[in-house]
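*Asks:* structure of the sequence below:
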Amino acid sequence: MHHMDDALYDNIAAFTAGLVANGVTDAVISPGSRSTPLAITFDAHPALRTWIQLDERSAGFFALGMARVTGRPAVLVCTSGTAAANYLPAVIEAHHAGIPMIVCTADRPPELLGWGAGQTIDQHGIFGTTTRWAANLPVASEWNAVQAERFAMRAVAASTGTAPGPVHLNWPFRLPLEPKVTPVVREAMFAPLDVNPSGASAESVQMLCELAAVERGVVVAGPNDGIGIDGEHSMAAAIIRFARATRWPVIGEPLTQLRRRPVDAGPTNVIANAGRLLDTPTFAALHAPSVVIRIGRAPTTKSVRLWMESHRPDRVVMVDPAGHWNEPSFTLTDHLGDNPAALLDKAARTLGESNPGAPKGSSPWLESWLAADSSAEAVIAEVIVNEPLMAAGTARVVVESMPTDSMLITSNSMPVRDLDSFVAVGAPRVTIVGNRGASGIDGITSTALGAAAVSETPVAMLIGDLALLHDLGGLTAARRLGVHLTAVCVDNDGGEIFSMLPIAAHGSDVGFDRLFRTPHGVDLGGLDGFAGVEVSMADDRPGVDLILVRFDPDADIDQHRRLAAAISEAACG
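*Replies:* Numbering: from 1, shown residues only. I've put the predicted structure just below:
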């Protein structure tokens, strides 16, 4: 039954219908009064799952984790005031990582702004330059259903287009906020929009095929824009096919899904230890590239960037439909706006068809990379097997003990780097996800819980102790929302990554421990029983199973340094 005597709720029902028709499946709502019409209407729609998050900061990262997995925006809903400001860290990450997100902030009506009304701040443009579209909407009871559905369509299109990212809609509401009648569910009036071009131009394919004649080519893949997990897998498969066709090595960290064992079990040309090998000046100089094809965002590994800067290739081709220009080395010579997976697939097919009699497999250039990679792997395996469990071994053991097609969320700082350094090629088919847009340590737990909420397979998290402490509030949601997460925490009492930096050599002269390494002295075992957390137990009841891996930070730093030195020696062997 459709009632027209409540314009406010009818408009929001039309907005909700527009979201659902355009693929939105999840709304993350934080409790508040001014947002009542949005919360009630979203919750009434049978096709929209609603997740209640007490803290907007955690809610933002929870929505981010969902969109990372699905490639679809989740909708965030909060009341007015500082509630909106707490979304900012997640909105920034979504902006830099290209993750779709629709933020709906409730607000006081225009006549109350600037008069000291409670919970009233200037929310228009609060997210600054991070949004793909930001609108200060008219008071919602004063527009009509056609406008409302169009706003929803435009919000989804803006957040999922060629440059995905956050959209901010600010909703002023006048009292009364309560519905006069039972909230209705509307059907959408308009067909959904199709906003994602997926093609590759003939000119771009031809350019890559011509460059394939160069022996010293490399594909450098960084973390992908927010195309969802299925998109990441097809991107990785396309990169591997192209690398086989060109006989070029691939540099790709675990976040690119390139370390996974491919479905066809053939060679992948992926060099797992590229970051460590390129730290060795002799190896880096002997392996100066002529052509680099860049896919995705800037790689996490600093040595790859420095290698490209010090041995500038003749051609650096970036395939980047979002127009982000993620190339801080300024070595770029060509910028292609094609869909990367489509382009590499077409180029690989064309190369195969144009030269069916070409020798398959390898070249002296590729062999040299593969041989160095395999020497480095032997060195790592020996140390990890024969020494007590520390960060390197933990990264490897976690990935190798996860079920096929499960998902691992990694924290920034050391965990993402340890995965890059110690997860071998042909690792189990585990999807590895991290927040490498702005690369902060905030909100990792909430991101992982958001991913677990929409993932059909088990989700684990590898996190450092400071990152776990940073988002303790995120833990409170797991049991209440019926989400299960296995968390492995590398607990070395502080921020070990700072010990790898030049400032560490200054020690107590600059108060290094207190200002940088920040030993916290918190016994994380004390979290046992907090909000559904079970320490060092792995079962599948809702909540968080927290497995603590403790070791001496100095011994761990020493192991990292010895591994680096041994790989350097192997690289030059």
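*Asks:* could you list the domains of this protein?
*Replies:* Domains of the chain are assigned by automatic domain parsing as 7-172, 202-371, 389-550.
*Asks:* state the mean pLDDT of the second one.
*Replies:* Just to be clear, that refers to domain 202-371. Mean pLDDT, computed over domain 202-371, is 91.
*Asks:* that one: how far from the chain's middle?
*Replies:* Relative to its chain's centre, domain 202-371 lies at 20 Å (Cα atoms, centre = their mean, to the nearest Å).
*Asks:* what's the end-to-end length of that domain?
*Replies:* 36 Å (Cα to Cα, to the nearest Å).
*Asks:* likewise the last one?
*Replies:* End-to-end distance of domain 389-550: 9 Å, with Cα to Cα as the criterion.
*Asks:* gap between that domain and the chain center?
*Replies:* The mean C-alpha position of domain 389-550 is separated from the chain mean by 15 Å, Cα atoms, centre = their mean.
*Asks:* now do stretch 52-67
*Replies:* Distance, centroid of stretch 52-67 to centroid of chain: 14 Å (Cα atoms, centre = their mean).
*Asks:* adding mean neighbour count, write the domains of the chain out as CSV.
*Replies:* In short, each C-beta sits where N, CA and C put it, glycine included. Compiled in CSV, these are given as follows (neighbours: other Cβ atoms under 10 Å):
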stretch, mean neighbour count
domain 7-172, 21
domain 202-371, 19
domain 389-550, 20
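*Asks:* let me have those domains in a markdown table, extended by distance to residue 189.
*Replies:* Output for the domains of the chain, formatted as a markdown table (distance: least, Cβ to Cβ, whole Å):
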| stretch | distance to residue 189 |
| --- | --- |
| domain 7-172 | 6 |
| domain 202-371 | 27 |
| domain 389-550 | 28 |
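*Asks:* confidence score at residue 478?
*Replies:* Note on residue 478: pLDDT of 94.
*Asks:* quick one: closest of the domains of the chain to residue 183.
*Replies:* Nearest to residue 183 among the domains of the chain is domain 7-172 (4.5 Å), distances taken as Cβ to Cβ.
*Asks:* ok so, going back, among the domains of the chain, which is nearest residue 380?
*Replies:* Of all those, domain 389-550 comes closest under Cβ to Cβ, at 6.2 Å.
*Asks:* hey, where'd the strands end up in the stretch 401-550 of the chain?
*Replies:* Along the stretch 401-550 of the chain, counting by DSSP state E, counting those that start in this stretch, strands occupy 407-410, 431-434, 459-464, 484-491, 533-535, 543-550.
*Asks:* so which of those strands gets nearest residue 98?
*Replies:* Closest among the strands of the stretch 401-550 of the chain, using Cβ to Cβ: strand 431-434, at 13.6 Å.
*Asks:* list the strands paired with the closest one, with their directions.
*Replies:* strand 407-410 (parallel) (DSSP bridges).
*Asks:* who touches the residue nearest to residue 7 when sequence neighbours are not counted in this structure?
*Replies:* Of all residues not flanking residue 7 in the chain, residue 141 sits nearest, at 5.1 Å (Cβ to Cβ, 6 or more residues apart in numbering). Contact partners of residue 141, counting by Cβ atoms under 8 Å, 6 or more residues apart in numbering, are 7, 8, 11, 173, 174.
*Asks:* thanks a lot, catch you later.
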